[in-house]
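Student: Have a look at this prediction, sequence included:
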Amino acid sequence: VALAGLGTAAVRGHLPALQRLQSEGRLTLAGAADPDASRRAVLSGELRGVPVFDSTEEMLATIRSDLLVIATEPSAHAALTLLGVRHRQHVLCEKPLTVAREHQTLVASAYAREPELGLVGVHQYRYSATWTSMSRFARLVDRLGMPFELVVDVQRNGTDPHAASPWRRDIGASGGMLADHGVHFLALGRTINDDFQVLHTLRAWHEDGERSVARVRFGTGVLELSVSARARARCTRAELHVAAFQLSWCDASVRLLVGRRTVARWRTDALSDRGHVDRLYLPLYRDLVEHLHEASWRKRHTAEALAVGAGLVALLELAAGHVAV
Ligand SMILES: NC(=O)c1ccc[n+]([C@@H]2O[C@H](COP(=O)([O-])OP(=O)(O)OC[C@H]3O[C@@H](n4cnc5c(N)ncnc54)[C@H](O)[C@@H]3O)[C@@H](O)[C@H]2O)c1
């Protein structure tokens, strides 16, 4: 494995999972790269024995690897993915794959020319146990042709303060919260039905951050997404509404309601808990290491990464035409 980008996502998500799987003899971290000398210095202890480069090009030209992991800010994703393809690498790319149509088109064309290479998006929320139950229920409802509504509300107090650089403040290059958080829920929606269509978006931003909404159809259901960087506290709520039933996952609490009556309630892991979403990198990597050699698995994941990427670009383009300031 070759790792590009040694920022927060690498430290909190990728490296712990890679090191764990390396200790189990499932993979070898063959090299890492970051143009920022301070990031290479911070991680020098962690990466002892691993060749570290100041350019991803040089890393791929020097080491032997099968998988390129891209953990950089989104503006570098497309160029690095294309670089990976030129070096015959499978690619695991952080979300969002791209936020611009020209990048999306270039990446899609590259995989159309190289159909045996795999592209996997870091959409790790699907490995959260509560989502697994929720999506199983939603898939059944969808197969029965019944309407459902998935209501998702992501509340944050400002943009991510932990990143190595402030790339999230540039809405054009980062896609803002709609890309940063919305893409996770597009990917989750696609685990219910891969037929989806962006119906509506409205984006508003103020000095203290963004508030946006989007509506996306998935099969017989609709995802109603709202994101805000102007909340007092972190909170992620996902509710599945089917006729009189409601499964409501709000932070660490899940409730099953019939009508307005709560008939069951239990504790779970929260998607607003960074520790939980960081730990989900391990099952994502386990799945990848176990299946990457299978052409059908690679094909399915490449199709998913490209479809979710294209859906996000469509959503952002629609949002650009519906901006309230
Ligand atoms: N899946 C998740 O839950 C999750 C969580 C956090 C971040 N992310 C994603 O991870 C990515 C990185 O976010 P972050 O918070 O770690 O950002 P960050 O700013 O902390 O780190 C990005 C790093 O990439 C390096 N970089 C830039 N261009 C490079 C290149 N061409 N080659 C190698 N390295 C390069 C930068 O120098 C920096 O060190 C983003 O796409 C973000 O959306 C995903």
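Tutor: In hand now; what should we look at?
Student: contacts and neighbour counts: CA atoms only from here.
Tutor: Noted.
Student: I'd say T28 and V1 touch.
Tutor: Yes - here T28 reaches V1: they are 6.1 Å apart, a contact under CA atoms under 8 Å.
Student: neighbour count winner among these two?
Tutor: Ranked by neighbour count (other CA atoms under 10 Å), T28 and V1 place V1 first, with 21 against 16.
Student: Tell me the spacing between that one and the ligand.
Tutor: Per CA to the nearest ligand atom, to the nearest Å, V1 is found 14 Å from the ligand.
Student: any idea whether the residue in the stretch 201-325 of the chain that the ligand sits nearest to is helix, strand or coil?
Tutor: Scanning the stretch 201-325 of the chain for the residue nearest the ligand gives V277, at 5.9 Å (criterion: CA to the nearest ligand atom). Here V277 is recorded as helix under DSSP: H, G, I helix; E, B strand; the rest coil.
Student: ok now do it, which residues does it touch?
Tutor: V277 makes contact with Q124, Y125, S128, L271, according to CA atoms under 8 Å, 6 or more residues apart in numbering.
Student: all strands of the stretch 151-300 of the chain, in order?
Tutor: Using DSSP state E, counting those that start in this stretch, the strands assigned to the stretch 151-300 of the chain run over residues 196-206, 209-218, 221-228, 230-242, 245-250, 253-258, 261-267.
Student: so of those, which one's packed in deepest?
Tutor: Counting by mean count of other CA atoms under 10 Å, strand 221-228 has the highest mean neighbour count of the strands of the stretch 151-300 of the chain, with a mean of 23.
Student: And that strand, what does it pack against?
Tutor: Applying 3 or more CA pairs under 8 Å, 6 or more residues apart in numbering; DSSP states H and E, one finds that strand 221-228 contacts strand 148-157, helix 176-180, helix 182-190, strand 209-218.
Student: What pairs with it, parallel or antiparallel?
Tutor: Applying DSSP bridges, strand 221-228 is found paired with strand 148-157 (parallel), strand 209-218 (antiparallel).
Student: Dump the ones you listed to JSON lines, plus distance to the ligand and mean pLDDT.
Tutor: JSON lines is the format used below for these (distance: least, CA to the nearest ligand atom, whole Å; pLDDT from 0 to 100):
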{"stretch": "strand 148-157", "distance to the ligand": "13", "mean pLDDT": "96"}
{"stretch": "strand 209-218", "distance to the ligand": "16", "mean pLDDT": "94"}
